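*Asks:* sharing a model prediction with you, sequence too.
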Amino acid sequence: MLNYSPKRSDEPIWWSLFGAGGVWFAIVTPITVLLMGLLLPLNGLGLVDLNYDKLSAFVASPVGAIFTVLTIALPMWHAMHRVHHGLHDLKFHVGAVGKYLCYFVALVFTVLSVIWVLDLM
Amino acid sequence: MDKLQTVNVLRYDPAKDDEPYLEAFKVPANDTTSVQDALAYIKDNLDKSLSYRWSCRMAICGSCGVMVNKVPKLACKTFLRDYPQGMTLEPLSNFAIEKDLVVDKSPFLERLEAIKPYIIGNDRKPEDGTNLQTPAQMAKYKQFAGCINCGLCYAACPQFGLNPEFIGPAALTLAHRYNLDNRDHGKKERMKLINGDNGAWGCTFVGYCSEVCPKHVDPAAAVNQSKVESTKDFLIAMLKP
Amino acid sequence: MQNRKPYVRPIHRTWWAETSRFSFYMVRELTIIPLILFTLNLLVGLYSLTSGKAAWESWVAFSASPVVLVVNLLALAGALYHAKTFFSMMPQVMPIKVGQKTVSKGIVVAVQWLVVLAFSTVVMLLV
């Protein structure tokens, strides 16, 4: 039997964050990974110069600060939403605790990025 | 010229069997032989106990959905010529098997009814004449009105398989179709079901429903547009005291 | 009705491996695994930035280890695959209308890739 008067889902909150994170993951993350994850450890391959002074100055600037927080936070809200649904897809029924634990991880990333960015400002 | 082609059919007789098993049949086929023709041949010539649903033979009644090599298809619209290596027919996935290729569609019908697929809150009377719509008003929902209730999208939806409470693609699409119709005023009643965890939020946009839909209704679009509607509805409910 | 004995086919945990269509769905969902690892490492990098130049240098050295590079390469591939799937879903979730006509899927997808290209170019010019 179907439940004809179900409780309103709180999914609009998580789905909106998932959507915003999805846009960031698709548009901003590729170049971020290329720069910070590949070129930076490979000394820029002679193409770019990403040194300590330059990066800390960027993160300390208002635009850089917001950009840095969003770069860390948004993809995590996206990712943890997929972890939550992915667990269900793989038939691990973790219930409400599992769900809030997922979003708590994203929240931790968000809060830490804000704290450390403020530290550099 | 007809040549013999292998058609494997998943058999299940509730009176005799504990679980389904595959049975191979050799069916004479030419370029015009549909899966439905093949099933009719088997029933008429090889095994009269075979059970399957069919009616119109022209992709409008929505009765003859089966899995063809694990893909949900209408038997009348699928041809043996496209399966030279043979084919395996199974009853639609995600539904309980009643007998052979016949599944229990009642969960599907219950969902269609639940979302109130009819115009609500329109007090026009017959003497008012036709309720005219502009082409633009009609264009809003027309694509979503093409559903023939065949259930292929439910067989394609892993979320319906994983969560039998999920309202599922066709019913959510029909709800969206009426919500978009300017003659209708029943959106509020339908949003109740759409807003739930088993409404639009039961979907993770696998998107396969839209690929298998024989009428190109695009249920994935309707369901995900309903998520946008549900999010707006959520915001409005939060803002109102 | 006594003869009814509906048979419910079990759904295995590996249902997504049974057809390639569902495997691609699972690949899409799994693009978040290298993303999470990359983002975690980036967060650590941010922390090292706050702890001075020496900490930063050792984070860069850690990021240059082959394992991290492979994860990051997977994260890049994952981001691009995610983008491909995400962009193609966009016209279904939020169809864009110009006048009476819905903008075709191909154009919406192409415009989104152009945004990626433009944004990436601007970033490369700025660094």
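*Replies:* That came through fine.
*Asks:* apart from its chain neighbours, what residue comes closest to the residue in chain C positioned nearest to chain A?
*Replies:* Per C-beta to the nearest C-beta, C:Asn72 is where chain C lies closest to chain A, at 3.3 Å. (C-beta placed from N, C-alpha, C; glycine too.) Distances taken as C-beta to C-beta, 6 or more residues apart in numbering or on different chains put A:Gly37 closest to C:Asn72, at 3.3 Å, once the chain neighbours are dropped.
*Asks:* the helices in chain B, which residues?
*Replies:* Assigned by DSSP state H, chain B shows helices spanning B:35-41, B:106-114, B:135-142, B:152-156, B:158-162, B:169-179, B:187-194, B:208-212, B:219-239.
*Asks:* and chain B, which residues reach chain A?
*Replies:* Residues of chain B lying close to chain A (C-beta under 8 Å from any C-beta of the partner chain) are B:110-111, B:114, B:158, B:162-163, B:165, B:167, B:192-193, B:195-199, B:201, B:204, B:227, B:230-231, B:234-235, B:237.
*Asks:* residue 83 - how many residues pack around it?
*Replies:* Because you didn't say which chain, this covers chain A. 22 (other C-beta atoms under 10 Å in any protein chain shown).
*Asks:* try chain C instead
*Replies:* Other residues close to C:Ala83 by other C-beta under 10 Å number 22.
*Asks:* confirm it sits in a helix?
*Replies:* Yes: according to DSSP: H, G, I helix; E, B strand; the rest coil, the state of C:Ala83 is that of a helix.
*Asks:* what about the closest residue to it other than its chain neighbours, which SS state?
*Replies:* Spatial nearest neighbour of C:Ala83, excluding adjacent residues (C-beta to C-beta, 6+ apart): A:Ala26 at 3.7 Å. For A:Ala26, the assignment made with three-state DSSP gives helix.
*Asks:* any idea how far A:Ala26 is from C:Leu49?
*Replies:* 26 Å (C-beta to C-beta, to the nearest Å).
*Asks:* next one: A:Cys102
*Replies:* From A:Cys102 to C:Leu49 the distance is 27 Å (C-beta to C-beta).
*Asks:* now do A:Lys7
*Replies:* From A:Lys7 to C:Leu49 the distance is 44 Å (C-beta to C-beta).
*Asks:* then B:Ser210?
*Replies:* As judged by C-beta to C-beta, B:Ser210 and C:Leu49 stand 45 Å apart.
*Asks:* which residues touch the residue of chain C closest to chain A?
*Replies:* A:Val33, A:Gly37, A:Leu38, C:Pro34, C:Phe38, C:Asn41, C:Ser63 (C-beta atoms under 8 Å, 6 or more residues apart in numbering or on different chains).
*Asks:* from memory the third one sits against C:Val70, does it?
*Replies:* No: contact status for A:Leu38 versus C:Val70: not in contact, 10.5 Å apart, counting by C-beta atoms under 8 Å.
*Asks:* show me which of these two is the more surrounded one.
*Replies:* Higher neighbour count among A:Leu38 and C:Val70: A:Leu38, with 19 against 11, using other C-beta under 10 Å.
*Asks:* please confirm that that one is located within a helix.
*Replies:* Yes: under three-state DSSP, A:Leu38 sits within a helix.
*Asks:* would you check how far apart the residue nearest to it when sequence neighbours are not counted and A:Tyr52 are?
*Replies:* Leaving aside its sequence neighbours, A:Leu38 sits nearest to C:Asn72 (C-beta to C-beta, 6+ apart; 5.5 Å). According to C-beta to C-beta, C:Asn72 and A:Tyr52 sit 20 Å apart.
*Asks:* over to A:Val94?
*Replies:* Going from A:Val94 to A:Tyr52 by C-beta to C-beta gives 41 Å.
*Asks:* ok, the residue in chain A positioned nearest to chain C - contacts?
*Replies:* Across chain A, no residue is closer to chain C than A:Gly37, which sits at 3.3 Å (C-beta to the nearest C-beta). Residues near A:Gly37 by C-beta under 8 Å, 6+ apart: C:Phe38, C:Asn41, C:Leu42, C:Ser63, C:Val68, C:Leu69, C:Asn72, C:Ala75, C:Leu76.
*Asks:* wait, isn't the last one in contact with A:Leu38?
*Replies:* Yes: with contact defined as C-beta under 8 Å, C:Leu76 and A:Leu38 form a contacting pair (6.9 Å).
*Asks:* residues contacting the residue nearest to B:Cys147 when sequence neighbours are not counted?
*Replies:* Once flanking residues are discounted, B:Cys147 sits nearest to B:Val217: 5.2 Å by C-beta to C-beta, 6+ apart. Applying C-beta under 8 Å, 6+ apart, we find B:Val217 in contact with B:Gln143, B:Phe144, B:Gly146, B:Cys147, B:Thr173, B:Ser210.
*Asks:* thinking again about what came up before, closest to B:Ile119 out of the contacts of C:Asn72?
*Replies:* Comparing these against B:Ile119 with C-beta to C-beta picks out C:Pro34 as the nearest, at 49.4 Å.
*Asks:* quick one: the closest one and A:Leu42, what's the gap?
*Replies:* 18 Å.
*Asks:* show me which of those two is the more surrounded one.
*Replies:* When neighbours are counted by other C-beta under 10 Å, C:Pro34 and A:Leu42 differ, and C:Pro34 comes out ahead with 22 against 14.
*Asks:* quick one: which helix or strand includes that one?
*Replies:* Secondary structure from DSSP states H and E places C:Pro34 in helix C:32-50.
*Asks:* any idea how far that helix is from the chain center?
*Replies:* Its chain's C-alpha centre and that of helix C:32-50 lie 16 Å apart, by C-alpha atoms, centre = their mean, to the nearest Å.
*Asks:* got the buried residues for it?
*Replies:* Within helix C:32-50, the residues that count as buried by 16 or more other C-beta atoms under 10 Å in any protein chain shown are C:32-39, C:41-43, C:45-50.
*Asks:* out of the residues you listed, who's near chain A?
*Replies:* Counting by C-beta under 8 Å from any C-beta, the members of the buried residues of helix C:32-50 near chain A are C:32, C:35-36, C:38-39, C:41-43, C:45-47, C:49-50.
*Asks:* ok, which of the residues of chain B next to chain A also contact chain C?
*Replies:* Within those, those near chain C by C-beta under 8 Å from any C-beta are B:Pro158, B:Leu162, B:Thr204, B:Lys227.
*Asks:* pick the one among these closest to C:Val111.
*Replies:* Among those, and counting by C-beta to C-beta, the member closest to C:Val111 is B:Lys227, at 22.3 Å.
*Asks:* leaving out sequence neighbours, find the closest residue to that closest one.
*Replies:* Nearest to B:Lys227 is B:Ala200, by C-beta to C-beta, 6+ apart, at 4.7 Å.
*Asks:* list the contacts of that neighbour.
*Replies:* So B:Ala200 contacts B:Leu172, B:Ile194, B:Val223, B:Asn224, B:Ser226, B:Lys227, B:Glu229, B:Ser230 (C-beta under 8 Å, 6+ apart).
*Asks:* might one say that the fifth one is in contact with B:Leu172?
*Replies:* To tie it back to what came earlier, the one meant is B:Ser226. Yes: using C-beta under 8 Å, B:Ser226 makes contact with B:Leu172 at a distance of 5.8 Å.
*Asks:* that concludes my questions; thank you for your assistance.
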